[in-house]
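Undergrad: kindly return the folded structure for what I paste below:
(chains A and B)
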Amino acid sequence: NAGVTQTPKFQVLKTGQSMTLQCAQDMNHEYMSWYRQDPGMGLRLIHYSVGAGITDQGEVPNGYNVSRSTTEDFPLRLLSAAPSQTSVYFCASRRDPQRATEAFFGQGTRLTVV
Amino acid sequence: AQSVSQHNHHVILSEAASLELGCNYSYGGTVNLFWYVQYPGQHLQLLLKYFSGDPLVKGIKGFEAEFIKSKFSFNLRKPSVQWSDTAEYFCAVVSKAAGNKLTFGGGTRVLVKP
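TA: Numbering: from 1, shown residues only, chains lettered A, B, ... in the order given. Take a look at the predicted model:
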């Protein structure tokens, strides 16, 4: 029973490098989202998807891209990493985008940009 | 702007003390409310949720929360904390008026001293 799986757990990037954070869920959830967690600011929504082929911006989308080609996968791409993107990133999924169901979270990716 | 506010950033308690964490939101209309907990080094886990019905909600590990609609509040309580309750606690809201996105407060770090 894997739930939401994120890889990698840790990553160090140099400024200007690109990378993709992977997220996969095996619960057939329609709704998936990416958050970043910074001290004192809680979790802020970066991008979300209400189903395969549909994505939208959250509160802090700049510098990030997403795509949703399958129900299971929702990768987050950093095109040109900046030190301001140093954070802990969480992927989450929910069963139904139209109703408030429980969100399940991945283990997180701690990203450092130097 | 619609938001979720947690009043305390840090709380330090001794074991067996009572805990109350405040949460207020500014969304209108129907809301669904959650408290999540993040133990050190771990991902977020659901403590309890309110969708409808009895405004006093009981969750796991002896936690409860009370929804007071007139005060736009959803405060978390535990009568007697244990050292293992040391964690960060997040209040979160889903509002249909805000597109059913899960929005978090800034979090409260709770340290329970043995």
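Undergrad: for chain B, which residues are neighbours of chain A?
TA: Contact residues, chain B versus chain A (Cβ under 8 Å from any Cβ of the partner chain): B:4, B:6, B:9, B:32, B:34, B:42-46, B:49, B:51, B:90, B:92, B:94, B:100-107. In short, each C-beta sits where N, CA and C put it, glycine included.
Undergrad: can I have the buried ones of those as a ChimeraX selection?
TA: A single ChimeraX command is used to select the members of those judged buried by 16 or more other Cβ atoms under 10 Å in any protein chain shown:
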select /B:4,6,32,34,43,44,46,49,90,92,94,100,101,102,103,104,105,106,107
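Undergrad: so what's B:Gly29 up against?
TA: B:Ser95, B:Lys96, B:Ala97 (Cβ atoms under 8 Å, 6 or more residues apart in numbering or on different chains).
Undergrad: which SS class is it?
TA: Three-state call for B:Gly29 (DSSP: H, G, I helix; E, B strand; the rest coil): coil.
Undergrad: show me the residues of chain B next to chain A that map onto strands.
TA: Using DSSP state E, the members of the residues of chain B next to chain A that fall in strands are B:4, B:6, B:32, B:34, B:45-46, B:49, B:90, B:92, B:94, B:102-104.
Undergrad: in chain B, which residue sits nearest chain A?
TA: B:Asn32 (3.3 Å; Cβ to the nearest Cβ).
Undergrad: quick check: that residue touching B:Val57?
TA: No. Counting by Cβ atoms under 8 Å, B:Asn32 sits too far from B:Val57 to count as a contact (11.2 Å).
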